[in-house]
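Trainee: let me see the structure of the following:
(one chain, ligands or ions: 2)
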Amino acid sequence: MEREVQAVPERRELLYEGKAKQIFATSDPKLYWVRYKDDATAFDGKKRATIAGKGELNNRISAIFFDRLGQAGIPHHFVRRLSPTEQLVRKVTIVPLEVVVRNRAAGSMARRLGLEEGMVLTRPIVELYYKDDALGDPLVNDDHALVLGWVTEAELAEMKRLALAVNDVLQAVLIERDVLLVDFKLEFGRTDSGQLLLADEISPDTCRFWDRNTLEKLDKDRFRRDLGGVTEAYQEMLRRLGGTDDGQ
Ligand code: ADP
Ligand code: UDP
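Mentor: Ligands and ions are numbered 1, 2, ... in the order given. As a prediction, this is how the structure comes out:
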């Protein structure tokens, strides 16, 4: 697919500062400028730290994943990387749902259902969480999402279809790098014309990656569980994905 060569718009005012990223307006009303931060939070923001190099690593890793997903025909917001820690994305109105796909039981699912972490699921499970920090992002079902007007039936079906397609693409990329994709979280948004796009980030902050042979964790669980070696694990993920330091 040919990509249009676009002039980089100017960065304008900070619109939003989140836990892991800053979002800036740009001179192009359809585009946002995203800056990935080194800040990390867990347990609804109760645990906080700065992880040296995380912003740059997640910016690079996310860019690699979005490019691969785009090649596979998945519509997404990523336009291009701008600097080591910054990227340009298409502006969307975020759907207030976190879509989690799981290939193995881990984290909150293992805790909630008393399952052994790492248990292989007979097929991927898609879960929905209401994106609301004050409520601790509660687990919801399709009816909540539809009746409370967060999505239409068509959007929900499309989000689930895309989430499973993302799972297939990412699993195929990762297994070649000896990485198991345990689970991950996606966010979707609508453009002004109503097109549904995959948005936010796909990185070790939002996925569980385990080494295929040793089951070593290569993701944010190293921070959540005080396992140490957080930056090294993220660096290892970038290395396995073939990321290079192109000086940008
Ligand atoms: P949080 O809001 O959970 O603290 P971040 O620090 O990652 O998370 O902030 C990034 C915010 O930007 C999130 O709320 C995310 O939903 C939103 N976002 C991601 N991609 C886009 C986009 N393309 N357009 C608009 N908002 C986006
Ligand atoms: N996740 C995320 N943001 C959240 C909650 C979860 O990116 O606010 C990701 C998390 O990294 C994991 C998957 O979604 O890859 C499932 O997370 P889980 O529900 O197990 O919650 P956790 O125990 O990680 O808090």
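Trainee: state which one residue of this protein is found closest to ligand 2.
Mentor: As assessed by Cβ to the nearest ligand atom, ligand 2 sits closest to Gly107 within the chain, at 2.2 Å. (Each C-beta comes from the backbone N, C-alpha and C, glycine too.)
Trainee: quick check, pLDDT for the one residue in the chain that gets nearest to ligand 1.
Mentor: Nearest residue of the chain to ligand 1 (Cβ to the nearest ligand atom) works out as Gly18 at 2.2 Å. As predicted, Gly18 sits at a pLDDT of 97.
Trainee: same deal with Glu232?
Mentor: 98.
Trainee: what are the phi and psi values at it?
Mentor: Dihedral angles of Glu232 (phi, psi; degrees, to the nearest 10) stand at phi -60, psi -40.
Trainee: run a quick neighbour tally on it.
Mentor: For Glu232, the count of nearby residues is 11 (other Cβ atoms under 10 Å).
Trainee: can you tell me the SS state at the nearest residue to Ser62 once chain neighbours are set aside?
Mentor: Distances taken as Cβ to Cβ, 6 or more residues apart in numbering place Glu201 nearest to Ser62, at 4.4 Å, with adjacent residues excluded. Three-state call for Glu201 (DSSP: H, G, I helix; E, B strand; the rest coil): coil.
Trainee: and Glu201, what pLDDT?
Mentor: For Glu201, the predicted pLDDT is 98.
Trainee: repeat for the one 5 residues further on
Mentor: You'll see Thr206 listed with a pLDDT of 98.
Trainee: spit out the contact partners of the residue lying closest to it once chain neighbours are set aside.
Mentor: Distance criterion Cβ to Cβ, 6+ apart; nearest residue to Thr206, sequence neighbours excluded, is Lys185 at 4.8 Å. Shown in contact with Lys185 (Cβ atoms under 8 Å, 6 or more residues apart in numbering): Glu98, Val99, Val100, Tyr129, Thr206, Cys207.
Trainee: okay, and which of those map to strands?
Mentor: Glu98, Val99, Val100, Tyr129, Cys207 (DSSP state E).
Trainee: hang on, the earlier thing: secondary structure element for the residue nearest to Thr206?
Mentor: Using DSSP states H and E, Lys185 maps to strand 179-190.
Trainee: what about Gly229, how many neighbours?
Mentor: Using other Cβ under 10 Å, Gly229 has 14 other residues around it.
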